[in-house]
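S.K.: need a structure here:
(chains A and B)
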There are 2 protein chains.
Amino acid sequence: MSIQKIAGGVTAPKGFKAACCAAGIKYKNRTDMAMITSAVPCAVAGTFTTNKVKAAPVLWDMDVVYKEKAAQAVVVNAGIANAATGKTGLDICGQTAAFAANTLGIPEKQVLLGSTGVIGPNLPIDRITAGIADMAAKLSDTLDAGTAASKAIMTTDTVNKEFAVEFELPGQDGTPVTVRMGGMSKGSGMIHPNMCTMLGYITTDCLIGQALLQKAVSAVVANTFNMISVDGDTSTNDTLLVLANGLAGNAPITEENESYALFCEALFSICRDLAVKMAGDGEGATHLLEMRVYNADTTENAKTLAKSVIGSSLVKAMVFGKDANCGRILCALGYAGPDFDPAVIEVYLHGEKDTLCFYKDGCVQAFDEDLALSILSETAVRFSCNMNMGSAEATAWGCDLTYDYVKINGDYRT
Amino acid sequence: MSIQKIAGGVTAPKGFKAACCAAGIKYKNRTDMAMITSAVPCAVAGTFTTNKVKAAPVLWDMDVVYKEKAAQAVVVNAGIANAATGKTGLDICGQTAAFAANTLGIPEKQVLLGSTGVIGPNLPIDRITAGIADMAAKLSDTLDAGTAASKAIMTTDTVNKEFAVEFELPGQDGTPVTVRMGGMSKGSGMIHPNMCTMLGYITTDCLIGQALLQKAVSAVVANTFNMISVDGDTSTNDTLLVLANGLAGNAPITEENESYALFCEALFSICRDLAVKMAGDGEGATHLLEMRVYNADTTENAKTLAKSVIGSSLVKAMVFGKDANCGRILCALGYAGPDFDPAVIEVYLHGEKDTLCFYKDGCVQAFDEDLALSILSETAVRFSCNMNMGSAEATAWGCDLTYDYVKINGDYRT
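M.R.: From the prediction side, this is the model:
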């Protein structure tokens, strides 16, 4: 059976609840804290920012994921990143986790934390604890509760991001059971591979070993969240966490069998959806930008080339201006690093219905400017490049560079 | 004797002439072609774009510099880049050089070419040759002729860029003689290390061996032109050429002695000046952005860290918005790659008179917001980071990210 999209997000799988509240961390008149809990302890896996300057909650979560390998709750705030806060920041993480653990009746080291917002200021611990107490009383397994949580973690995001799927796996007695997986994420600026300023939380009721769960997460992130870029800036706070509570009743996944493959496929579908939504909702963005590189010599080179194009300020500005200046795509491929022969590659622009060849045989091609303008006016702008070298391929996603990106980031703190 | 700044640019040294004309390549009502000639053949050295997609004139010049190692004239046009033009583009280079050589009475392979502008279209060879004939009749050794040439090669540049110096070297009989060096460059968008969309031409009447000249150029470019970035895009056309005609009468520089050191210092002063001017004149820029990294473990790491900061879209937008959001500097240092301990580094903002400490002891520091705003209102915004690891240092230059950058690049072709 295939993977089906279903309604909802993190509360779609069995045994997960969510809540949110307006804790007044920084924003006014909006929710800014979210909590997710599981009825039972979950196997947990995650990937974290590669930035050398890691926010306190990232250090806390790495400890939980790499040492405890299990968790039962996640507490997230928007507004302040708790990054570059030294020992005070770590102390606040400890106090937050202790308070949540006490409130929920679970071990302190089973509480995961996430923060997003301005780097530098300290979190107001009294508002954080008040928020936790408030949310603990409101935890709900409804789909609406998950949706509300996905809204509470937004910063400059313009839309909330959630996605859920279901699929069948053999049950413990062999009869098929339904497994669900749901996720939410936020991320808008400071978005770049490895990872983005993203916080992403995925829940599933699948029963799967922690080591396999981590393996699946690492593999899927490499082709989804790590293939998007809004502005080339890798944040201090990026975190993706996947919690699996095992309540679906499937036969445990303990080896890389068919069930594991289906689990990975479901995880990919959620991560891809959330990643593409984040790219398309890049700060100030008016277009989603997609670059597919195929017939490359290696997957690594295909990734590097695709990411170079979606990361180019000139390509991004050109997409904003709906200007079919394909020389910039060629230029971004050329400085990406991997070796190739400019005489044999082909560059295309793809619309919903039409495809234009921009470059071939070493020359920019003549094309219908009106058709190009019409394609560049679509919400998603898709380019591709045939490298004519091998059979590897990769796709990267980004967004255009707009006046609003500059406006948002020229005056972010105030 | 030290190095003195003097008036003028490429015509400041003995034996060099320049001219320009309005050839109508793409722009209307402005000059768009320039020519530099030397009375005698020059030793020539250069550095070229590392982009895999190299424009036809880059391929032509690489051939001249690496094989002929001598040249007597440079012909440059603005408006069309002659890039991604395949065999036709190379043929046009051959025809241009042949026509110039014939007009000037020099060998075809001693003519260097440069083009900047839109990627894709073919150059109109009839207008190019008409321009060459026009300029050949107007060649002049006045400083004004050099200045006019520096204006003719501009694209989206808002100011022309030239700089000249003089210094003394032992003459052939031991008596000191005056040696001059002058340069001009253009570059505004598609500016990034290795190299920028820059065309740069430096002339000198110094007598120096070609191998040493190339060595000096490569070393100096690494610390000047390759340390600036406007938008992270490395163009297809970047070219820096240095022509040395030997007419100053100095004792030939044939080894790395004191005279060579002084020559390198003069070359550095010109390249640094032109590079910083290019960074400050980045497309749409309102601020020059400087980042100095010191007490680093290695020079390579210091360079990588400094370039990461001046290349960060978020830092650039924050400088535009005069927002002292120092977390973004920390973030850009953190994702640059080199390893460091966030607990020991210090980040500063430097004004003309005051210095503010932004970050120390693992924490963002409290600072006077009014003073920060006042410093960020200066034309040049300077940051530094003490890595507290070793004794290596590097400085990189860039500019802020503005509405006008987006405007200029959203609609470049029209």
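
S.K.: switch to C-alpha atoms for all contacts and neighbour counts from now on
M.R.: Noted.

S.K.: So A:Met389 belongs to a strand, correct?
M.R.: No - assignment of A:Met389 by DSSP: H, G, I helix; E, B strand; the rest coil gives coil, placing it outside any strand.

S.K.: for it, phi and psi?
M.R.: Per-residue torsions, A:Met389: phi -120, psi -30 (degrees, to the nearest 10).

S.K.: how many neighbours does it have?
M.R.: Residues near A:Met389, counting by other CA atoms under 10 Å in any protein chain shown, number 15.

S.K.: same question, A:Asp32
M.R.: 27.

S.K.: pretty sure it contacts A:Ile80?
M.R.: No - A:Asp32 is beyond contact range of A:Ile80, at 10.0 Å (criterion: CA atoms under 8 Å).

S.K.: list residues touching both of those two?
M.R.: Listed as contacting both A:Asp32 and A:Ile80 by CA atoms under 8 Å, 6 or more residues apart in numbering or on different chains are A:Ile25.

S.K.: any idea of the pLDDT on A:Lys52?
M.R.: We have a pLDDT of 85 for A:Lys52.

S.K.: ok, it touching B:Phe340?
M.R.: Yes - applying CA under 8 Å, one finds A:Lys52 in contact with B:Phe340, separated by 7.1 Å.

S.K.: Would you mind telling me which of these two has the busier surroundings?
M.R.: Between A:Lys52 and B:Phe340, A:Lys52 has the larger neighbour count (other CA under 10 Å), namely 21 against 18.

S.K.: and the more buried one, which of the three is it?
M.R.: Relying on three-state DSSP, one would call A:Lys52 coil.

S.K.: Look up phi and psi at it.
M.R.: Torsion angles at A:Lys52 (phi, psi; degrees, to the nearest 10) stand at phi -70, psi -30.

S.K.: That one and chain B, how far apart?
M.R.: 4 Å (CA to the nearest CA, to the nearest Å).

S.K.: which ones are touching A:Leu90?
M.R.: Neighbour list for A:Leu90: A:Ala56, A:Pro57, A:Trp60 [criterion: CA under 8 Å, 6+ apart].

S.K.: any chance of the residues you listed in CSV, plus distance to chain B?
M.R.: Shown next, in CSV, are those (distance: CA to the nearest CA, whole Å):
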residue, distance to chain B
A:Ala56, 11
A:Pro57, 15
A:Trp60, 16
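
S.K.: Would you mind listing which of those are buried?
M.R.: Buried members of those, scored by 16 or more other CA atoms under 10 Å in any protein chain shown, are A:Ala56, A:Pro57, A:Trp60.

S.K.: among those, which are in helices?
M.R.: Among the buried ones among the contacts of A:Leu90, the members falling in helices (DSSP state H) are A:Ala56, A:Pro57, A:Trp60.

S.K.: Format the residues you listed as a markdown table; extra columns: pLDDT.
M.R.: Shown next, in a markdown table, are those (pLDDT from 0 to 100):
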| residue | pLDDT |
| --- | --- |
| A:Ala56 | 95 |
| A:Pro57 | 96 |
| A:Trp60 | 97 |
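
S.K.: A:Ala332 belongs to a helix?
M.R.: Yes - using three-state DSSP, the assignment for A:Ala332 is a helix.

S.K.: so it sits right up against A:Ser313, yeah?
M.R.: No - shown here, A:Ala332 and A:Ser313 do not form a contact pair, counting by CA under 8 Å, at 9.5 Å.

S.K.: quick one on the thing from earlier: wait, which of the buried ones among the contacts of A:Leu90 is closest to B:Asp273?
M.R.: Nearest to B:Asp273 among the buried ones among the contacts of A:Leu90, counting by CA to CA, is A:Ala56 at 42.0 Å.

S.K.: The residue lying closest to the closest one once chain neighbours are set aside: what secondary structure?
M.R.: Counting by CA to CA, 6 or more residues apart in numbering or on different chains, A:Ala56 lies nearest to A:Leu90, which is 5.2 Å off, once chain neighbours are set aside. On the three-state scheme (three-state DSSP), A:Leu90 is labelled helix.

S.K.: if I look at A:Leu90, how far off is A:Asp63?
M.R.: A:Leu90 sits 12 Å away from A:Asp63 when distances are taken as CA to CA, to the nearest Å.

S.K.: Over to A:Ala266?
M.R.: Distance, A:Ala266 to A:Asp63, using CA to CA: 27 Å.

S.K.: Okay, strands next: where are they in the stretch 201-350 of chain A?
M.R.: Counting by DSSP state E, counting those that start in this stretch, the stretch 201-350 of chain A has strands at residues A:239-244, A:288-296, A:346-350.

S.K.: In the sheet, which strands lie alongside the first one, parallel or antiparallel?
M.R.: In the sheet, strand A:239-244 lines up against strand A:33-48 (antiparallel), strand A:199-204 (parallel) (DSSP bridges).

S.K.: can you pull the contacts of A:Pro121?
M.R.: A:Ile80, A:Ala81, A:Asn82, A:Ala83, A:Thr85, B:Val364.

S.K.: Is it correct that the last one is in contact with B:Gly327?
M.R.: Meaning B:Val364. Yes - between B:Val364 and B:Gly327 there is a contact under CA under 8 Å: 7.4 Å.

S.K.: Show me the common contact partners of these two, please.
M.R.: A:Ala84, A:Gly120.

S.K.: and the lengthiest helix in chain A with strand A:199-204, angle?
M.R.: Longest helix of chain A, by residue count under DSSP H: helix A:258-280. Orientation check (axes from the mean of the first three to the mean of the last three CA atoms, to 10 degrees): helix A:258-280 against strand A:199-204 gives 150 degrees.

S.K.: Outside of helix A:258-280 itself, list whatever touches it.
M.R.: Contact with helix A:258-280 is made by A:3, A:161-167, A:169-170, A:181-188, A:216-217, A:220-221, A:224-225, A:228-230, A:253, A:286-289, A:397-399, as judged by CA under 8 Å, 6+ apart.

S.K.: ok, now stretch A:296-306?
M.R.: In contact with stretch A:296-306 (CA under 8 Å, 6+ apart) are residues A:227, A:291-294, A:332-333, A:336-338, A:386-396.

S.K.: From the chain's centroid, how far away is it?
M.R.: Put simply, stretch A:296-306 sits 21 Å off its chain's centre (CA atoms, centre = their mean, to the nearest Å).
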